[in-house]
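>>> structure for the following, please:
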Amino acid sequence: MAKKPTRPPAAPPPKTGGPRTRGGAHAPNPTSRPATAHVESAPPRPARRKSTWPYVLAMLGAWGVIFGGLFFSHFLSGLPDVRNLMINGPSQDITILDDRGRQIARRGLTQGQMVRVEDLPDYVSNAFIAIEDRRFRSHLGIDPIGLARAAVQNMMTGHVVQGGSTLTQQLAKNLFLSPDRNFERKAQEAMLALYLERRYSKNQILTLYLNRVYFGAGVFGIEAASEKFFGKHASELGLTEAAMIAGSVKAPARYNPLSDIDAGLARAQLVLKAMQEAGFIDANTRSLAAATRPRIVRANGTPGSGWFADWVQAHLSELVGPGSEPIIVETSFDLETQALAERAIANGLAAEGEKYNASQAALVAMTPDGAVRAMVGGRAYENSGFNRATDASRQPGSAFKPFVYLTALEHGHTPDDTVNDGPVDIHGWKPTDFEGHFKGEMPLIQAFAESSNSVAAQLTAEVGAKEVAHTAHRLGIASPLAEVSSLALGTSGVTPLELTGAYAPFANGGSGVQPFGVLRIKTRSGKILYEHKPPATGAVMSVNDNIAMTRLMSEVTATGTGKAARLDGRPTAGKTGTTQDFHDAWFVGFTADLVCGVWMGNDDNTPMVKATGGTLPARIFQSFMTDAEQNMPVRPLTGSTLLVAAETPVATDPVGAPVTQNESEPARKPDAFQKLLNGLFGGT
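Residues are numbered from 1 along each chain as shown. Just a heads-up that it's a prediction; the model follows:
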């Protein structure tokens, strides 16, 4: 009988923590696997790992594209819109002339009419290409060769002496981007240059460049520069002129012909040399151009004429409205008179400004009808363009008193009335005189001449501050006036222009004026756009009151506080003004031909050192008026002629009609009356 195979011994049961069965045996673990036989074999070869570098590179590339796109989008979002660059947008060209047709200034010409490259002589565009970007016609907006050359040159010298920007990059930088020298701005410049090259042709880019780049002297564009520097259109430029304009781009403030013609010519020589090296001109043409000295167009304006030009330009829109057509503005200004005014201010401050701690002064001169002849807005226009003559509101002090006294005359007072210069208390306000003491009873004319604060306060209290303010406004004061007792002493601010204009009625016989400077505005073709007409203001005071005020104001320069302003041999009238603590000092006066106001003080309103209107302001007035009227005939003040007319009987025929007097027969005047006139007004 066959023998049964034996079984291998059973493996011991696994040790588990499960419950025991009856008899102590462990219950089978339902989760355990059955034991298997152990079979010895060779260890398996590890699986070959797949390379991950392609995936890493692909991932990095994807993220690079994402970040690059975000980076590019960031710069694109900051780029300007270049779709409408070819649209012409010239500024208005304003030529300002004085009363003799001489150019005072040329304003508003910041950008001329757009000129196409095709309409210019070839040497004009070639001058810019030769000196700025010789490979302009071949590169794509960025010139790697130029960049490399500039880098080598800068490394050799140790500092930046050469730039690698193309004309297209310069166009982008000058017109669209900030001047900051950083990576972001350079990146935007490069991308914008590439974009411009794709959108526009080379001639269009060059056209944009020539019409928008800055050339100095406040002008953009080759047409404006050509007219500003040479008085001709860009299409009429000669080779030397084109070289000068092209050369000015590197440093406009230094090389523009108006700034320094010698420096501009020296720079033009380099441009001509570059043009020859680039093959644009030959040696003979270069020599002829180098020997040519262009005629530069310069304005005749004095250094301080800018104040008047600014004032005129600021008010042009009120006369003709906005526009782009070139215009010519004819004015009442006189360049010789302006030069004398500037000299009087400069000499006065140089001689005594430090003594009085006065840093600024202003002067306005006009004819009695309000036509401005000179305007000085400060010590030096090149240091401060702020016009103190038109825009600085300062307290006039006693220079306001003519309006107080005129109001008093209109309420029945006369120059010979007796008034009391004594202590006064007006609701707690107790004004004192400059000297610190009172002089008692005196004629009204003396109180005015000696600038009595007490009498002025009493007159204002009598007639009312409201009436005084009304009189001042009627004569031309435009600034608001506080209707309080202290108005008598000029505590409300006014400008030198309006105060001088408000004195003009005293000089012209009592007619109201509005200061003006523009006589006529026309186009270059001669079309009249505006012509000045005297305002229908009419009389602002009676003849008798004008006569009386002329007496009062003449006494100021004869015996009163304004003696320093008196002109030798020429009738003069006016009034001094000094504010509390010497913050402001004034003299405003007139002759038969000119009305002039002078202010002196400090911009920060710091007090001066005992500077009164009768000191330096009166001396500046006297110096200027003496020179300005040197060649004018001596004439009596208008008030004196009115007085003569009022006192001279008019002959009539039997029916009462006036009889025409023989021109050879002088009008008869009483001898005593003639002596009075001679004493008061310097008549002959």
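>>> which residue ranges of the stretch 451-600 of the chain form helices?
453-463, 465-475, 496-508, 543-558 (DSSP state H, counting those that start in this stretch).
>>> and of the ones you listed, who's closest to residue 628?
helix 496-508 (14.1 Å; CB to CB). Bear in mind the C-beta positions are built from the backbone N, C-alpha and C, glycine included.
>>> sorry, back to before: mind checking which of the helices of the stretch 451-600 of the chain is nearest residue 356?
Per CB to CB, nearest to residue 356 of the helices of the stretch 451-600 of the chain: helix 496-508, 17.7 Å.
>>> make TSV from the helices of the stretch 451-600 of the chain and add mean neighbour count and distance to residue 252 to it.
Shown next, in TSV, are the helices of the stretch 451-600 of the chain (neighbours: other CB atoms under 10 Å; distance: least, CB to CB, whole Å):
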stretch	mean neighbour count	distance to residue 252
helix 453-463	22	56
helix 465-475	20	48
helix 496-508	27	34
helix 543-558	24	51
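>>> relative to residue 259, which of the ones you listed is closest?
The nearest among the helices of the stretch 451-600 of the chain, by CB to CB, is helix 496-508 at 31.6 Å.
>>> phi and psi next, for the residue nearest to residue 239 when sequence neighbours are not counted.
Distances taken as CB to CB, 6 or more residues apart in numbering put residue 289 closest to residue 239, at 4.4 Å, once the chain neighbours are dropped. For residue 289, the backbone dihedrals are phi -70, psi -40 (criterion: degrees, to the nearest 10).
>>> start at 5, not 1
Yes, from this point I'll number from 5; that puts the last item at residue 293.
>>> tell me, how many residues neighbour residue 293?
Number of residues near residue 293 (other CB atoms under 10 Å) recorded here: 22.
>>> contact partners for it?
Residue 293 makes contacts with 242-244, 247, 276, 285, as judged by CB atoms under 8 Å, 6 or more residues apart in numbering.
>>> could you redo the last one with a cut-off of 10 Å?
127, 242-247, 272-273, 275-276, 279-280, 285 (CB atoms under 10 Å, 6 or more residues apart in numbering).
>>> residue 392 too?
Neighbours of residue 392 in contact, by CB under 10 Å, 6+ apart: 311, 364-368, 380-383, 398, 499-501, 603-605, 607.
>>> one step back: out of the helices of the stretch 455-604 of the chain, which comes closest to residue 97?
Here helix 500-512 is closest among these (CB to CB), at 26.9 Å.
>>> could the helices of the stretch 455-604 of the chain be laid out in JSON lines, adding mean pLDDT?
Shown next, in JSON lines, are the helices of the stretch 455-604 of the chain (pLDDT from 0 to 100):
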{"stretch": "helix 457-467", "mean pLDDT": "97"}
{"stretch": "helix 469-479", "mean pLDDT": "98"}
{"stretch": "helix 500-512", "mean pLDDT": "98"}
{"stretch": "helix 547-562", "mean pLDDT": "97"}
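>>> what would those look like in TSV with distance to residue 624?
Converted to TSV, the helices of the stretch 455-604 of the chain look like this (distance: least, CB to CB, whole Å):
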stretch	distance to residue 624
helix 457-467	24
helix 469-479	24
helix 500-512	12
helix 547-562	14
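>>> quick one: which of these is nearest residue 100?
helix 500-512 (17.6 Å).
>>> roughly how far is that closest one from the heart of the chain?
26 Å (CA atoms, centre = their mean, to the nearest Å).
>>> so residue 579 makes contact with residue 565?
Yes: with contact defined as CB atoms under 10 Å, residue 579 reaches residue 565; the gap is 8.3 Å.
>>> pick out whichever of those two has more residues nearby.
More crowded of residue 579 and residue 565, by other CB under 10 Å: residue 579, with 31 against 25.
>>> please report the distance of the more buried one from residue 108.
31 Å (CB to CB, to the nearest Å).
>>> check residue 643 too.
34 Å.
>>> so for the two, which sits in the more crowded spot?
Here residue 643 and residue 108 are compared on neighbour count by other CB under 10 Å; more neighbours surround residue 643, at 28 against 24.
>>> now whichever helix or strand the more buried one is part of: average pLDDT?
Element membership of residue 643, judged by DSSP states H and E, is helix 642-651. Mean per-residue pLDDT for helix 642-651: 72.
>>> again with stretch 375-392
On average, stretch 375-392 scores 95.
>>> measure it end to end?
18 Å (CA to CA, to the nearest Å).
>>> next one: it to chain centre, how far?
The mean C-alpha position of stretch 375-392 is separated from the chain mean by 11 Å, CA atoms, centre = their mean.
>>> which parts of that stretch are buried?
375-385, 390-392 (16 or more other CB atoms under 10 Å).
>>> equivalent analysis for stretch 359-372, please.
360, 362-372.
>>> got any ranges where the stretch 105-254 of the chain has weak pLDDT?
144-145, 147-168, 178-193, 197 (pLDDT under 70).
>>> quick one on the thing from earlier: and the residue nearest to residue 243, how far from residue 128?
For residue 293 relative to residue 128 (CB to CB), the value is 13 Å.
>>> about what we covered before: anything in contact with each of residue 579 and residue 565?
Contacts common to residue 579 and residue 565, judged by CB under 10 Å, 6+ apart, are 402, 452-453, 455, 591, 617.
>>> nearest to residue 326, out of these: which one, please.
Set against residue 326, the nearest of those by CB to CB is residue 591 (39.3 Å).
>>> residues contacting the closest one?
403, 560-561, 565-566, 568-569, 578-582, 600-604, 616-626.
>>> same thing but 7 Å
Listed by CB atoms under 7 Å, 6 or more residues apart in numbering, the contact set of residue 591 reads 566, 569, 578, 580, 602, 617, 621-622, 625.
>>> redo these as JSON lines? Include neighbour count.
As requested, the contacts of residue 591 are exported to JSON lines (neighbours: other CB atoms under 10 Å):
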{"residue": "566", "neighbour count": "30"}
{"residue": "569", "neighbour count": "28"}
{"residue": "578", "neighbour count": "33"}
{"residue": "580", "neighbour count": "31"}
{"residue": "602", "neighbour count": "37"}
{"residue": "617", "neighbour count": "32"}
{"residue": "621", "neighbour count": "35"}
{"residue": "622", "neighbour count": "26"}
{"residue": "625", "neighbour count": "32"}
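>>> who's in contact with stretch 540-547?
With contacts defined as CB under 7 Å, 6+ apart, stretch 540-547 is touched by 410, 478-479, 509, 514-517, 646, 650.
>>> nearest residue to the middle of the protein?
The centroid of the chain falls nearest to residue 389 when counting by CA atoms, centre = their mean (6.0 Å).
>>> that residue touches residue 312, doesn't it?
No: the pair residue 389 and residue 312 fails to qualify as a contact (CB atoms under 7 Å) at a distance of 11.8 Å.
>>> low pLDDT regions in the stretch 505-654 of the chain?
648-654.
>>> count the neighbours of residue 292 for me.
13.
>>> what's the spacing between it and residue 245?
13 Å.
>>> residues near the residue lying closest to residue 471 once chain neighbours are set aside, how many?
Leaving aside its sequence neighbours, residue 471 sits nearest to residue 411 (CB to CB, 6+ apart; 5.3 Å). Residues lying near residue 411 (other CB under 10 Å) number 25.
>>> and residue 411, how far from residue 553?
11 Å.
>>> near the residue nearest to residue 638 when sequence neighbours are not counted, how many other residues are there?
In space, and not counting its chain neighbours, residue 638 is closest to residue 574: 5.3 Å by CB to CB, 6+ apart. Residues contacting residue 574 under the criterion other CB under 10 Å number 19.
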